[in-house]
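Novice: Need coordinates for the following:
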Amino acid sequence: MVRGLQDSPSSKLLYAKDIPRYRQMVRSFYKTIEDTPTVTDQQITDFMHQHSQVYNYFIYYVNRTQNKINILKHLKRTSHGAFIVHNH
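Specialist: Coordinates of the predicted model:
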């Protein structure tokens, strides 16, 4: 048996040729992070405010729609079939 096979785990043998490439990928990844401009507190605050407004509008719209559905269901129940909701 070849000495290298006895001393090395199989995964090391299988991926040994790929290690330099992965090391370079990791270095490149961290270099990109290092070179990325720092985000200021104001930028984070602005971002959170903007997304909070979008979320609040979404919740408002969902609640408004649910209220309309509930009203239609109530009308359907109380009118004993006189009011029919059509699903399109």
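
Novice: and the longest helix for the chain?
Specialist: helix 41-78 (DSSP state H).

Novice: Now do that helix: distance to the chain's middle.
Specialist: 20 Å (Cα atoms, centre = their mean, to the nearest Å).

Novice: tell me the mean pLDDT for that helix?
Specialist: The average of the pLDDT scores along helix 41-78 is 90.

Novice: count of neighbours near N67?
Specialist: Other residues within reach of N67, judged by other Cβ atoms under 10 Å, total 10. (Glycine included, C-beta is placed from N, CA and C.)

Novice: any idea how far it lies from K73?
Specialist: 11 Å (Cβ to Cβ, to the nearest Å).

Novice: And for S28?
Specialist: In this view, S28 and K73 are 57 Å apart by Cβ to Cβ.

Novice: swap in N63?
Specialist: 15 Å.

Novice: before we move on, what about T36?
Specialist: Distance of T36 to K73, computed by Cβ to Cβ: 51 Å.

Novice: The two - which one has more neighbours?
Specialist: Legend: neighbour count by other Cβ under 10 Å for T36 and K73, higher for K73 (11 against 8).

Novice: measure that one to I59 for me?
Specialist: 21 Å.

Novice: before we move on, what about T65?
Specialist: From T65 to I59 the distance is 11 Å (Cβ to Cβ).

Novice: go on, S10?
Specialist: From S10 to I59 the distance is 54 Å (Cβ to Cβ).

Novice: and K31, how many neighbours?
Specialist: K31: 10 neighbours (other Cβ under 10 Å).

Novice: what's the helix or strand for it?
Specialist: K31 belongs to helix 19-35 when assigned by DSSP states H and E.

Novice: Dump that helix to PDB, keeping only the CA atoms.
Specialist: The C-alpha coordinates for helix 19-35 follow below in PDB (Å, rounded to 0.1, in the frame of the first residue of the first chain):
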ATOM      1  CA  ILE A  19      -7.400  23.100  -1.100                       C
ATOM      2  CA  PRO A  20      -5.400  26.000  -2.800                       C
ATOM      3  CA  ARG A  21      -8.500  27.000  -4.800                       C
ATOM      4  CA  TYR A  22     -10.700  27.000  -1.700                       C
ATOM      5  CA  ARG A  23      -8.100  29.000   0.300                       C
ATOM      6  CA  GLN A  24      -8.100  31.600  -2.500                       C
ATOM      7  CA  MET A  25     -11.900  31.700  -2.500                       C
ATOM      8  CA  VAL A  26     -11.900  32.300   1.300                       C
ATOM      9  CA  ARG A  27      -9.200  35.000   1.000                       C
ATOM     10  CA  SER A  28     -11.200  36.700  -1.700                       C
ATOM     11  CA  PHE A  29     -14.400  36.500   0.300                       C
ATOM     12  CA  TYR A  30     -12.800  38.200   3.300                       C
ATOM     13  CA  LYS A  31     -11.000  40.800   1.200                       C
ATOM     14  CA  THR A  32     -14.400  41.700  -0.300                       C
ATOM     15  CA  ILE A  33     -15.800  42.200   3.200                       C
ATOM     16  CA  GLU A  34     -12.800  44.200   4.300                       C
ATOM     17  CA  ASP A  35     -13.100  46.500   1.200                       C
END
